[in-house]
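>>> need coordinates for the following:
(2 chains, ligands or ions: 2)
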Amino acid sequence: MSRMLLIWRKSLNVVMLTLTGVAAFGVVAVLFLILGYLVWNGGKSLNLDFFTQLPKPVGETGGGMANAIVGSLKLLLLAALMGLPVGLMAGVYLAEFGGKTFSYVIRYTTDLLNGVPSIVIGIFAYSLAVLPVRHFSAVAGGVALGIMVIPITVRSTEEFLRAVPGSLREGAMALGASKWRTIATVVLPAAKGGIITGVLLALARVAGETAPLLFTAFSNRFWSPGWGQPIASLPVMIYTYAIAPYDDWHRQAWAAGLVLLALVLVANIGTRVVLSRGGGGRST
Amino acid sequence: MGATTHGNNATAARLAPQVVMSDKTSQASDKDALVRFEISDLNFYYGAKQAVFGLNLKIPKNRVTALIGPSGCGKSTFLRTLNRMNETIRNTRVVGQILLDGQDILQMDVVGLRRRVGMVFQRPNPFPKSIYENVAYGLRINGFQGRLDDLVEHSLRRAALWEEAKDYLHNSAFALSGGQQQRLCIARALAVDPEVLLLDEPCSALDPVTTAKIEELMFHLKDSCTMAIVTHNMQQAARASDFTAFMLDGKLIEHSETSKLFTTPTDPRTEAYITGRFG
Ligand SMILES: Nc1ncnc2c1ncn2[C@@H]1O[C@H](COP(=O)(O)OP(=O)(O)OP(=O)(O)O)[C@@H](O)[C@H]1O
Ligand SMILES: [Mg+2]
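Residues are numbered from 1 along each chain as shown, chains lettered A, B, ... in the order given. Ligands and ions are numbered 1, 2, ... in the order given. Below is the predicted model:
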C-alpha cells in the first residue's frame, strides 16, 4: 500500500516537473519565435532607403519611413517631457514623504491608471488636445503617451527609492543635510540606476502603443515640422501597412517592427553601459 | 565664577562655564572637566511607548562618556536625542531639557546642531560616492568655501585612514573593507569639525585590530572633541572611556568615572551587569 503511495508521489513529481518545465520552455520559445520571425522578415526588407526616404505614393514600390522614425522619437520626447516630471516627483513623494492614507490613495489611483486601456487614454487625449483645436497633432499624441508613462514611472521610482537603505538618509541628515538635500544628493544618486531603468521601461512600453495615437497624432506620409501637425509614428505605420493589400507594404511593416524593437533595445543597453561605467552608484 | 552681568541668575549660570558637580547620579570628581551636554529630566516617547524615563546626565567636555546597558534599554534612543535624529521618526516626542554649552538644543536650528554634534552609526553607512566625496559631503552641504583637498586629507588622517586610502580617493567607498568604511564614516563626521561626536556601537562589526585603531583615534580626538559612545563591550568601555553611564529599562541607573564604576559600583544592578550576571 505504502509502496503504491510512493510510486504515485514520485510519478506526480515527475509529471509536475515536466509540465512546469515545458511551460517555462514555451515562454522562451515564444519570445525567440517572435524575435526570429521579426529579424527574418524585417531584415530582408531593411535597407538604407528605409531610414532616409519618405513613404512612396500608393502603387509605387520602395521608399522608407524616415518620417515615422523621427516622428516616434519626437512623440517619445513629448511623452517624456510631459509624463516623467510628474511621475518622478510623485514617486519621490510616495517614497519619502507620503502619509499613510494619502499615499494609499495615490498608489491605488496609479495602479488604476496603469490598468486603463490605452484606447481610453487615447479618447481622453483626443477630447483634451484634439477637439479644442480641431486637428490631430504631435502634441496630442504626446499627451496620450505622457499619461501612460506616469503610472509606471511613479511605481518604479517609488520602489527603487524605498530600496535605498535608511542608514544612508540618516548619515546625510546627521551631517546637517535637510530632507530635500538628502534626497537630492544621496538618495536619488543611490537609486539612479534603478530609476533610469524604470523610466526606460516606461518609455519602451509606450513606444509600441498604436491605439492612443490613431486619433491623437494620427499619421502623416510626409515630414511633420514643428509639434502642431499630424505626425507619423512607427506603430501606426506598421498598423496601416500591415492591413494594406500590397506585398511591398507588408515587407516594410516587418522592417518597421524590427526598427522599433532595435530602438528600444539600443536605448536599454546603451543606458546600462553608461550607468555601469559612470561608477559611484551600486548599479553594477 | 566669572558670571556675566546681564540676564537673570539662571541664564547667567547657564552661560558660565560649569563644573561637573557631584549629585545623585553624577559622581564625577574630575573637577577640571567642563560640561558640554547637560540633560535634565529627559523623557522620550515612540508614540505611546516611553523609551527614556526622567534621565539626568552631564556629559563633560573633551572626555569620552560610555553608555552601557542591556539591549533595548534605550541607549541608542538617548544618544539620538542629542542630535535630534529621533525627529526623523514619525510620532516621537521629547519632554525635558537638553543644553549644549548652556543652549537649549530643542530651540536650535537643527542643521546647525547636527553640524556641531556629529554621529557615527553602528553599521558603516558610506554614501555611494567616492571616498573623497564622502568626506567632502558635509563640507559641501554646509557651503564650505576653501580648499577641500586639504580638509579631506586632514580628516582622513585624523581617522587613521589616509595611508590606506590616499591612492584611491576617487574610487567608490564601497570598495573599502568594513573597518575602513567605518573609519571613513568617522572621517566624514570629523570633516565638519564637530564639537561632539556621538558613536553608536561603532566597533560592533569590526575586528579587534580595527577596534583598537578606533579606540586610539578616540583617545587623540579628546583634544578637540567630546565623545559619547554606546558599547556592549565592557572592556572597550573600561579602556576607552573616562566616564560611564549605566542604563536599564530607559532609566539611568548609575553614572561615574569609569574606573570607579567598574571597580566599586554603588548599585547592585550595575554590578550584576558589568560582571555579566544579566543583560
Ligand atoms: N523606531 C522605533 N519605534 C518604536 N519603538 C522603538 C523604535 N526604536 C526603538 N524602539 C524601542 O525603544 C526601546 C529602546 O530602544 P533602543 O534602540 O534605544 O535600545 P538600545 O539600548 O540601543 O538597544 P541595543 O543595544 O540593542 O541597540 C526598545 O524597547 C525599542 O523597542
Ligand atoms: Mg542601539
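
>>> flag every residue of the stretch 51-200 of chain A that's near chain B.
Residues of the stretch 51-200 of chain A lying close to chain B by CB under 8 Å from any CB of the partner chain are A:165, A:167-178, A:181, A:185-186, A:189-190. C-beta coordinates here come from the backbone N, C-alpha and C atoms, glycine included.

>>> who does the host helix or strand of B:L190 touch, helix- and strand-wise?
According to DSSP states H and E, B:L190 maps onto helix B:178-191. Judged by 3 or more CB pairs under 8 Å, 6 or more residues apart in numbering or on different chains; DSSP states H and E, helix B:178-191 is in contact with helix A:166-174, strand B:117-120, helix B:131-141, helix B:148-158, helix B:162-165, strand B:196-200, helix B:208-221.

>>> list the buried residues in that helix.
Buried residues in helix B:178-191, counted by 16 or more other CB atoms under 10 Å in any protein chain shown: B:179-191.

>>> please apply the same query to stretch A:223-232.
A:224, A:227, A:229-232.

>>> which residues touch that stretch?
A:54, A:65, A:67-68, A:70-71, A:74-75, A:78, A:133, A:135-139, A:141-142, A:217-221 (CB atoms under 8 Å, 6 or more residues apart in numbering or on different chains).

>>> now the stretch 1-150 of chain A against chain B: closest residue?
The minimum distance from the stretch 1-150 of chain A to chain B, using CB to the nearest CB, falls at A:G99 (8.7 Å).

>>> okay, now whichever residue of chain A sits closest to ligand 1: neighbour count?
For chain A, the residue closest to ligand 1 is A:G166, as judged by CB to the nearest ligand atom, at 10.4 Å. Neighbour count of A:G166, defined by other CB atoms under 10 Å in any protein chain shown: 11.

>>> now the helix or strand containing A:R155, how far from the centre of its chain.
A:R155 is part of helix A:138-162 when elements are defined by DSSP H and E. Remark: helix A:138-162 is offset 9 Å from the chain centroid, using CA atoms, centre = their mean, to the nearest Å.

>>> still on that earlier bit, ranking the helices and strands packed on helix B:178-191 by burial, who's on top?
strand B:117-120 (a mean of 26; mean count of other CB atoms under 10 Å in any protein chain shown).

>>> where in the stretch 1-150 of chain A is pLDDT low?
Low-confidence segments of the stretch 1-150 of chain A (pLDDT under 70): A:1.

>>> what ranges does it have for its helices?
Assigned by DSSP state H, counting those that start in this stretch, the stretch 1-150 of chain A shows helices spanning A:2-45, A:48-52, A:66-96, A:100-115, A:118-125, A:138-162.

>>> out of these, the one nearest A:W249 is which?
Nearest of those to A:W249, taken as CB to CB: helix A:2-45 at 10.1 Å.

>>> before we move on, back to that, could the helices and strands packed on helix B:178-191 go into TSV alongside mean pLDDT and distance to B:S71?
Below are the helices and strands packed on helix B:178-191 laid out as TSV (pLDDT from 0 to 100; distance: least, CB to CB, whole Å):
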stretch	mean pLDDT	distance to B:S71
helix A:166-174	94	19
strand B:117-120	95	19
helix B:131-141	94	30
helix B:148-158	92	31
helix B:162-165	91	32
strand B:196-200	95	13
helix B:208-221	89	19
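
>>> I'd like these as JSON lines, with distance to B:V230 appended.
Converted to JSON lines, the helices and strands packed on helix B:178-191 look like this (distance: least, CB to CB, whole Å):
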{"stretch": "helix A:166-174", "distance to B:V230": "15"}
{"stretch": "strand B:117-120", "distance to B:V230": "10"}
{"stretch": "helix B:131-141", "distance to B:V230": "22"}
{"stretch": "helix B:148-158", "distance to B:V230": "21"}
{"stretch": "helix B:162-165", "distance to B:V230": "26"}
{"stretch": "strand B:196-200", "distance to B:V230": "5"}
{"stretch": "helix B:208-221", "distance to B:V230": "13"}
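
>>> for stretch B:77-92, measure first residue to last.
11 Å (CA to CA, to the nearest Å).

>>> which residues are in contact with it?
For stretch B:77-92, the external contacting residues (CB under 8 Å, 6+ apart) are A:169-170, A:173-174, B:37, B:39, B:42, B:44-47, B:51-52, B:55, B:67, B:94, B:98, B:105-106, B:110, B:113-114, B:117-119, B:196, B:198, B:200, B:228, B:230, B:247, B:250.
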